[in-house]
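S.K.: Let's see this in three dimensions:
(2 chains)
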There are 2 protein chains.
Amino acid sequence: MQSERRAPANSDLSFLFDPRSIAVIGSFRENFFGGYVIVKSLLKAGYKGKIFPINRAYKEVHGLKVYPSLKDVPQEVDLAMVMINARSVIGMVQECSGKGVRAMIVVSDGFAERDADGARLQKELLEVARREKIRIIGPNTAGVVNTSNGFNPCAYEAGYYRIRKGPIAIGAQTGMTNPQAFPYPNLRFGVSKICDFGNKCDVDECDLLEYLAADPETGVTSMYLESIRDGRRLLRIAKRVTKKKPVLVFKSGRTKEGARASASHTGSMALDDKIFDGLCRQSGLLRLEEFQDLFELPKIFASQPLPAGGRLGIITFTGAVGVVAIDVGAKYGMGLTKLGAETRGALDAVYQGLGNMPVDIGPMMAAVKNPFDDYPRVVEAVAEDSNVDALFNVLWANPTDIIVSSYLKAYERIKGRVGKPIATWIYGPDSEVAADLAKRVEEMGFPVFNTPEKCIQALGLAYQHSQTKNNGRGA
Amino acid sequence: MQSERRAPANSDLSFLFDPRSIAVIGSFRENFFGGYVIVKSLLKAGYKGKIFPINRAYKEVHGLKVYPSLKDVPQEVDLAMVMINARSVIGMVQECSGKGVRAMIVVSDGFAERDADGARLQKELLEVARREKIRIIGPNTAGVVNTSNGFNPCAYEAGYYRIRKGPIAIGAQTGMTNPQAFPYPNLRFGVSKICDFGNKCDVDECDLLEYLAADPETGVTSMYLESIRDGRRLLRIAKRVTKKKPVLVFKSGRTKEGARASASHTGSMALDDKIFDGLCRQSGLLRLEEFQDLFELPKIFASQPLPAGGRLGIITFTGAVGVVAIDVGAKYGMGLTKLGAETRGALDAVYQGLGNMPVDIGPMMAAVKNPFDDYPRVVEAVAEDSNVDALFNVLWANPTDIIVSSYLKAYERIKGRVGKPIATWIYGPDSEVAADLAKRVEEMGFPVFNTPEKCIQALGLAYQHSQTKNNGRGA
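M.R.: Modelled structure (predicted):
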């Protein structure tokens, strides 16, 4: 990193995600929020940079010396994270500037999300920060995470767990996607970065997208937005980014009522929902339908190749799931495929009628003596069929060993060999058995989704993104 | 039950759900499907009626004598459950008739869902059954459950767990809602009846609705449908039933593509989706959006009073969840309420600004020393405010004892006292902690839903149903 005094470029958020040193400015009282938690979280996450706790009333926290003020710190500080009274924040920006700080994470609330006075304070905060050439995340943010360097200054007690490294980046206009709010160990494909924009007085969705586009650790970005700061800039940047990497967006404040509520808690203006829909279509942003999609749907991009077309293959234990899947597929322009003659013949030889789409294991299971002997071969044949662009596989989580091992055998056979996305749904009478099987399937690299609908949505978004990429190539 | 030989009325399904005796006709080989599983399941569920296994090749199963044929059974048989070759089923109907059997559950497949020959066979089956005055569920069904008498003849290995008695009935044109497919212990508000119509050659959604309307154990019905046998009859019956009890319906085969797939696996004709939408609106049927809703959304009716109006109260830890909730509420005509002056004053005295809707615990949590001391009082004040018709409560599942106990204290205070529905969503960094808290909250009688959106959907459907009931009263 350079040392001369300049404002970092918009897309250079490295002082925020990869600081060589951080000052933590706030209370260090043992609690489930604040400096005490942040310092412990950094230590537990294995952050290798320097940590400088700042507070006049403390001497030590977690074995680290607490400095009475920023200027007492004996070396340069890249980043300051502050949890002080809103009215003291501006003064702190000036102090930070004096110390050569490049960026600040302002956790403090009481700004535009509170009232008109807070909004004025936020405006002033931005002006001072711009003048002092300091980038700001927040105010009213829960902060950021970077798994590549153990930088997890989580402000809320979250159990101090380790987040697995992986390709999924999450940006949000809320703290609800930070480590204290979501069980990231369940996101087995791993995380690169997390960022809560808060009131996004400075760093916003566009800055983050540009930064993540160039971030080699990030393969897919998932974003929660309530407002768009600059629609034209987002359109321009998203168009460029989505040619390379998928970007999923869940936007709330879709209704008039929701938009009004959003304005009051982040102090931001909402965008008409139809305009945003158009923006997504034009720019290749993939629109999500509900909050949990932010964590669920990036899994398909984190682990699976894109489909070459919209021909959907389905292997199920009951017809109903097939019908549900086909309904959802139609929304994404995906339709049920027909298996090739060879595959159909091979499947019909296993059990008469098995070669029809959706491939229904149910009738065979009730009629054949050891139906699971043939199961891996059936999955392999369907997955390899060139008429299948994307595969939805349904597993009945029966605890019988022979069944579970035949599922795993099937995935073993196709792993890394078929070049098309596979989404799995697991159901059954025992949620622990189902959860354990899901874990094993995901550890093999195949994403498992909560519902049949989510499986198809995931494949549908992958198909949509593959079209965005191809259009780009053609243009 | 009467003994004279007549066809039971359409709505009299008591021979199917409450038989004094059952003949189980099929293989008794140890397996995860078939007679072996059914007999064991009946015994484990505590069925008090007589069980007569029928098969020439077996002498005994699970300590019960196996009879070589139905006519060897030394007493009357109410119900026969058959898992024999499709082509042998019609002969078996005649044998059953000779034995005085009133109803049959035909598990066998290979009928209209298979091919044209199977469709002809199904037609003939119905004709013979009508002539012999025998009611039929199926063919191609996974069967039924009645928790009030331990009647759970589950045909697939499901772990032989007990299903809790409760007010939720589930009817489906699939076996995907039977005990082998869903972990019913997680449905803590309990089940009255489960019924898989299968190909529904005889007993259908209308028959089941009429039967459940009169069933004192059933408070709410959830149905999965792919086709409607008789739209006019459904309209007529549903209109009557929904004045008394809520009926939730998830219908697949919504798209042309899905409908085609449905026709091929159940042999049934699908209905234009817009017509079905109109039917729901006219008849008060509550339409569901995805498969898992069948289990999730009845919980609100199983445990909570109906809302008197559409004014939504929200208690949350972050603004974002409030915005998401308000967006969904708008779809159901529910809007964010304003708290009364007294409540607002009381909350603002706890923490400045807390009295605004949505009530946001977040800022207070970061700023106040022991924020959870006041938490039960805050929830109580909001729940009791007469400006709140329905309450959405969000819990942050932090494992700290003091936090969990203050949540439980809050629910203790309002339990049975506020006369309005409360839906809870729980989120946090540890899924086990969240699941444990959800269990405790549900055991206290308050339903917890998987996502914030589902909470509001549940409250929205409750509001919709209250309007249906009130219109009925007014007319």
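S.K.: use CA for all of it now, contacts and neighbours both
M.R.: OK.
S.K.: All the strands of the stretch 151-300 of chain A, in order from the start?
M.R.: Assigned by DSSP state E, counting those that start in this stretch, the stretch 151-300 of chain A shows strands spanning A:165-172, A:191-196, A:220-225, A:247-251, A:286-287.
S.K.: would CSV of those with mean pLDDT and mean neighbour count be doable?
M.R.: Putting the strands of the stretch 151-300 of chain A into CSV (pLDDT from 0 to 100; neighbours: other C-alpha atoms under 10 Å in any protein chain shown) gives the following:
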stretch, mean pLDDT, mean neighbour count
strand A:165-172, 98, 24
strand A:191-196, 98, 27
strand A:220-225, 97, 26
strand A:247-251, 97, 24
strand A:286-287, 98, 20
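S.K.: Kindly reformat these as CSV containing distance to chain B.
M.R.: Putting the strands of the stretch 151-300 of chain A into CSV (distance: least, C-alpha to the nearest C-alpha, whole Å) gives the following:
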stretch, distance to chain B
strand A:165-172, 10
strand A:191-196, 12
strand A:220-225, 9
strand A:247-251, 9
strand A:286-287, 15
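S.K.: Any chance of CSV for these, columns distance to B:Thr242?
M.R.: As requested, those are arranged in CSV below (distance: least, C-alpha to C-alpha, whole Å):
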stretch, distance to B:Thr242
strand A:165-172, 42
strand A:191-196, 45
strand A:220-225, 38
strand A:247-251, 35
strand A:286-287, 36
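S.K.: A:Asn398 in helix, strand or coil?
M.R.: The three-state label given to A:Asn398 by DSSP: H, G, I helix; E, B strand; the rest coil is coil.
S.K.: circling back: right, and the strands of the stretch 151-300 of chain A - which one's nearest B:Ala116?
M.R.: Comparing the strands of the stretch 151-300 of chain A by their distance to B:Ala116 (C-alpha to C-alpha), the top pick is strand A:286-287, with 42.7 Å.
S.K.: Mind giving me the packing neighbours of the closest one?
M.R.: strand A:247-251, helix A:273-283, helix A:452-474 (3 or more C-alpha pairs under 8 Å, 6 or more residues apart in numbering or on different chains; DSSP states H and E).
S.K.: which one of those is the most hemmed in?
M.R.: strand A:247-251 (a mean of 24; mean count of other C-alpha atoms under 10 Å in any protein chain shown).
S.K.: list the helices and strands that strand packs on?
M.R.: strand A:220-225, strand A:286-287, helix A:293-296.
S.K.: Looking at those, which is nearest to B:Phe32?
M.R.: It's helix A:293-296; of the helices and strands packed on strand A:247-251, that one is closest to B:Phe32 (C-alpha to C-alpha) at 32.1 Å.
S.K.: which ones are touching A:Gly313?
M.R.: A:Leu336, A:Thr337, A:Met357, A:Pro358, A:Val382, A:Ala383, A:Val388, A:Asp389, A:Ala390, A:Leu391, A:Phe392 (C-alpha atoms under 8 Å, 6 or more residues apart in numbering or on different chains).
S.K.: at 6 Å what do you get?
M.R.: Residues in contact with A:Gly313, defined by C-alpha atoms under 6 Å, 6 or more residues apart in numbering or on different chains, are A:Thr337, A:Val388, A:Leu391.
S.K.: In strands, which of these fall?
M.R.: If you go by DSSP state E, the contacts of A:Gly313 have A:Leu391 in strands.
S.K.: pLDDT, distance to chain B and neighbour count added to the contacts of A:Gly313, as JSON lines?
M.R.: As requested, the contacts of A:Gly313 are exported to JSON lines (pLDDT from 0 to 100; distance: C-alpha to the nearest C-alpha, whole Å; neighbours: other C-alpha atoms under 10 Å in any protein chain shown):
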{"residue": "A:Thr337", "pLDDT": "97", "distance to chain B": "11", "neighbour count": "18"}
{"residue": "A:Val388", "pLDDT": "98", "distance to chain B": "17", "neighbour count": "24"}
{"residue": "A:Leu391", "pLDDT": "98", "distance to chain B": "17", "neighbour count": "23"}
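S.K.: Near chain B, which residues of chain A? Just list them.
M.R.: With C-alpha under 6 Å from any C-alpha of the partner chain as the criterion, chain A meets chain B at residues A:158, A:180-183, A:252-253, A:255, A:258, A:261-262, A:265, A:319, A:323-324, A:326-327, A:428-430.
S.K.: which among those end up buried?
M.R.: Buried members of the residues of chain A next to chain B, scored by 16 or more other C-alpha atoms under 10 Å in any protein chain shown, are A:158, A:180-183, A:252-253, A:255, A:258, A:261-262, A:265, A:319, A:323-324, A:326-327, A:428-430.
S.K.: And the strands in the stretch 301-450 of chain A?
M.R.: Using DSSP E, counting those that start in this stretch, strands in the stretch 301-450 of chain A cover A:311-316, A:335-336, A:359-360, A:390-396, A:422-427, A:448-449.
S.K.: before we move on, the earlier item: among the residues of chain A next to chain B, which are in helices?
M.R.: A:Gly258, A:Ala261, A:Ser262, A:His265, A:Gly319, A:Val323, A:Val324, A:Ile326, A:Asp327 (DSSP state H).
S.K.: Of all the helices and strands packed on strand A:247-251, which one is nearest A:Ser148?
M.R.: Nearest to A:Ser148 among the helices and strands packed on strand A:247-251 is strand A:220-225 (15.5 Å), distances taken as C-alpha to C-alpha.
S.K.: quick one: that closest one to strand A:247-251, angle?
M.R.: Using axes from the mean of the first three to the mean of the last three C-alpha atoms, to 10 degrees, the inter-axis angle of strand A:220-225 relative to strand A:247-251 is 20 degrees.
S.K.: got a list of contacts for strand A:220-225?
M.R.: A:168-173, A:245-251, A:294.
S.K.: repeat for stretch A:246-264
M.R.: A:113, A:220-226, A:269-270, A:273, A:285-288, B:323-324, B:326-327.
S.K.: Can you get me the start-to-end distance on it?
M.R.: Using C-alpha to C-alpha, to the nearest Å, one end of stretch A:246-264 lies 31 Å from the other.
S.K.: which residue sits farthest out from the middle of chain A?
M.R.: A:Lys369 (44.1 Å; C-alpha atoms, centre = their mean).
S.K.: confidence score at A:Pro452?
M.R.: For A:Pro452, the pLDDT comes out at 98.
S.K.: tell me the contacts of it?
M.R.: Residues in contact with A:Pro452 (C-alpha under 6 Å, 6+ apart) are A:Trp425.
S.K.: Mind doing that once more with 10 Å?
M.R.: When contacts are counted by C-alpha atoms under 10 Å, 6 or more residues apart in numbering or on different chains, A:Pro452 touches A:321-322, A:324-325, A:328, A:392-394, A:423-427, B:290-292.
S.K.: Of all the strands of the stretch 151-300 of chain A, which one is nearest A:Ser14?
M.R.: strand A:191-196 (11.6 Å).
S.K.: For that closest one, which strands pair with it and how are they oriented?
M.R.: Paired neighbours of strand A:191-196 in the sheet (DSSP bridges): strand A:144-146 (antiparallel), strand A:165-172 (parallel).
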